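*Asks:* have a look at this prediction, sequence included:
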Amino acid sequence: MRKSVLVTGGAGFLGSHLCEKLLDAGHDVLCVDNFFTGGKDNILHLLEHPRFELIRHDITFPLYLEVQEIYNLACPASPVHYQFDPVQTTKTNVHGTINMLGLAKRVKAKIFQASTSEVYGDPEVHPQPESYWGKVNPIGLRSCYDEGKRCAETLFFDYHRQHRLRIKVARIFNTYGPRMHPNDGRVVSNFIVQALRNEPITIYGEGSQTRSFCYVDDMIRAFLSLMEAEDSVTGPVNLGNPDEFTIRELADRVIDLTNSKSKLIHCPLPEDDPRQRKPDISLARSALSWEPRTTLHEGLMKTIAFFEKRLSTKTQTHHP
Ligand code: NAD
Ligand code: UDP
């Protein structure tokens, strides 16, 4: 059935891929973005599409639209960007989420929240199941994001209990792929850009911390499955790839796949950097019949191809 779907943060990395897939499925897509980290470049190819509409708007201000589904993705995702204006990050997660939940309540839309593995903080339980409440510093440099996203989850569940809203909460683990910004600061984009330029690869700390990397196409497939699932499937549900790598292993892979001359250098470990992270995706497997299909090797090859093209054709645009 053709639906009218709002994607906040639709000009960002994940949002742009989601808009594309929703258009492919025959829906009308309203993309809302304030272009803080996202850009028109990501959605340039969609602007002429008859079922696509772009609205420049900051979700911390109210928004009045008529839609049937809302994907709330607006929020800077990389530590460099969410720490650039931490008060705005909390506002986006709290005021912005309240605005989107209020909109969903008024128009009786189903609403999806892009939550994060950061709600688990620096976890003491490994791998992390949804039942784990996390270990989060409430006053650190990452708190604007971690606590902001935790509060957003609280708001989702209170709107669900209090106003019977149909909610879908996804806890997204590290995701990578084409359209990450070269200056984004996240590890996969940093390492690929550094390797392609034969510059030193910046390992924060010893590089023994772990992450599990999910390719963007697998993640977007999970978003759509969660939204389509019956109303009793509210989440929170972990979405990510359970294959776990140390940051050092990732650096070696990237150097290998790019035939780079880059050397590794060690930089200070950022405050509250989680030591290990790997999703337990049993719930996604059973409730959504979903699991990732793309190996790190395949995903890195596609992402490297994107950055090769981008670095050779573009001078970079300004980002904070
Ligand atoms: P991104 O920075 O590329 O996209 C975020 C988008 O939101 C950008 O286009 C930005 O301009 C927009 N935005 C930010 N604040 C806004 C505001 N107040 N009003 C309107 N638009 C605003 O990041 P991404 O990787 O695409 O992440 C999308 C969502 O997924 C975020 O909510 C993020 O927290 C979540 N997430 C992503 C990952 C990941 O690994 N990519 C992991 C966990 C959670
Ligand atoms: N990291 C690194 N070098 C970089 C960027 C990141 O070693 O140039 C490390 C970072 O300290 C963290 C991991 O890579 O341990 C993942 O960082 P990212 O910012 O991508 O995401 P996070 O999972 O920390 O939110």
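*Replies:* In hand now; what should we look at? Residues are numbered from 1 along each chain as shown. Ligands and ions are numbered 1, 2, ... in the order given.

*Asks:* this protein: helices as residue ranges?
*Replies:* With helices called from DSSP state H, the chain shows them at 13-24, 79-82, 86-91, 97-107, 143-163, 187-196, 216-228, 247-258, 282-288, 296-313.

*Asks:* can you add distance to ligand 1 and mean pLDDT and give those helices back as CSV?
*Replies:* Bear in mind the C-beta positions are built from the backbone N, C-alpha and C, glycine included. Converted to CSV, the helices of the chain look like this (distance: least, CB to the nearest ligand atom, whole Å; pLDDT from 0 to 100):
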stretch, distance to ligand 1, mean pLDDT
helix 13-24, 4, 98
helix 79-82, 6, 93
helix 86-91, 7, 98
helix 97-107, 9, 98
helix 143-163, 7, 98
helix 187-196, 9, 97
helix 216-228, 8, 98
helix 247-258, 14, 97
helix 282-288, 14, 98
helix 296-313, 12, 95
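
*Asks:* got those as JSON lines, with mean neighbour count columns?
*Replies:* Formatted as JSON lines, the helices of the chain follow (neighbours: other CB atoms under 10 Å):
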{"stretch": "helix 13-24", "mean neighbour count": "22"}
{"stretch": "helix 79-82", "mean neighbour count": "21"}
{"stretch": "helix 86-91", "mean neighbour count": "17"}
{"stretch": "helix 97-107", "mean neighbour count": "20"}
{"stretch": "helix 143-163", "mean neighbour count": "19"}
{"stretch": "helix 187-196", "mean neighbour count": "23"}
{"stretch": "helix 216-228", "mean neighbour count": "20"}
{"stretch": "helix 247-258", "mean neighbour count": "18"}
{"stretch": "helix 282-288", "mean neighbour count": "17"}
{"stretch": "helix 296-313", "mean neighbour count": "16"}
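
*Asks:* will you turn these into JSON lines that also has distance to ligand 2?
*Replies:* Output for the helices of the chain, formatted as JSON lines (distance: least, CB to the nearest ligand atom, whole Å):
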{"stretch": "helix 13-24", "distance to ligand 2": "12"}
{"stretch": "helix 79-82", "distance to ligand 2": "5"}
{"stretch": "helix 86-91", "distance to ligand 2": "13"}
{"stretch": "helix 97-107", "distance to ligand 2": "20"}
{"stretch": "helix 143-163", "distance to ligand 2": "8"}
{"stretch": "helix 187-196", "distance to ligand 2": "3"}
{"stretch": "helix 216-228", "distance to ligand 2": "14"}
{"stretch": "helix 247-258", "distance to ligand 2": "5"}
{"stretch": "helix 282-288", "distance to ligand 2": "19"}
{"stretch": "helix 296-313", "distance to ligand 2": "13"}
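
*Asks:* make JSON lines out of those and add distance to residue 113.
*Replies:* Output for the helices of the chain, formatted as JSON lines (distance: least, CB to CB, whole Å):
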{"stretch": "helix 13-24", "distance to residue 113": "13"}
{"stretch": "helix 79-82", "distance to residue 113": "16"}
{"stretch": "helix 86-91", "distance to residue 113": "15"}
{"stretch": "helix 97-107", "distance to residue 113": "7"}
{"stretch": "helix 143-163", "distance to residue 113": "5"}
{"stretch": "helix 187-196", "distance to residue 113": "23"}
{"stretch": "helix 216-228", "distance to residue 113": "10"}
{"stretch": "helix 247-258", "distance to residue 113": "28"}
{"stretch": "helix 282-288", "distance to residue 113": "15"}
{"stretch": "helix 296-313", "distance to residue 113": "24"}
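
*Asks:* closest to residue 62 out of these?
*Replies:* helix 97-107 (5.3 Å; CB to CB).

*Asks:* what's in contact with that closest one?
*Replies:* Identification of contacts with helix 97-107 by CB atoms under 8 Å, 6 or more residues apart in numbering yields 6, 8, 59-68, 70, 72, 109-111, 113, 151-152, 155-156, 159, 163, 165.

*Asks:* in strands, which of these fall?
*Replies:* 6, 8, 70, 72, 110, 111, 113 (DSSP state E).

*Asks:* was I right to think the first one contacts residue 73?
*Replies:* No - using CB atoms under 8 Å, residue 6 is not in contact with residue 73; the gap is 10.3 Å.

*Asks:* which phi and psi does residue 64 have?
*Replies:* phi -120, psi 110 (degrees, to the nearest 10).

*Asks:* pLDDT score for it?
*Replies:* In this prediction, residue 64 carries a pLDDT score of 96.

*Asks:* residues in contact with it?
*Replies:* residue 103.

*Asks:* quick one: contacts for the residue sitting furthest away from the middle of the chain?
*Replies:* Here the chain reaches farthest from its C-alpha mean at residue 261, the gap being 30.5 Å by CA atoms, centre = their mean. By CB under 8 Å, 6+ apart, residue 261 lies in contact with residue 198.

*Asks:* so what pLDDT did it get?
*Replies:* Looking at residue 261, its pLDDT stands at 97.

*Asks:* ligand 1 versus that one, what's the distance?
*Replies:* 28 Å (CB to the nearest ligand atom, to the nearest Å).
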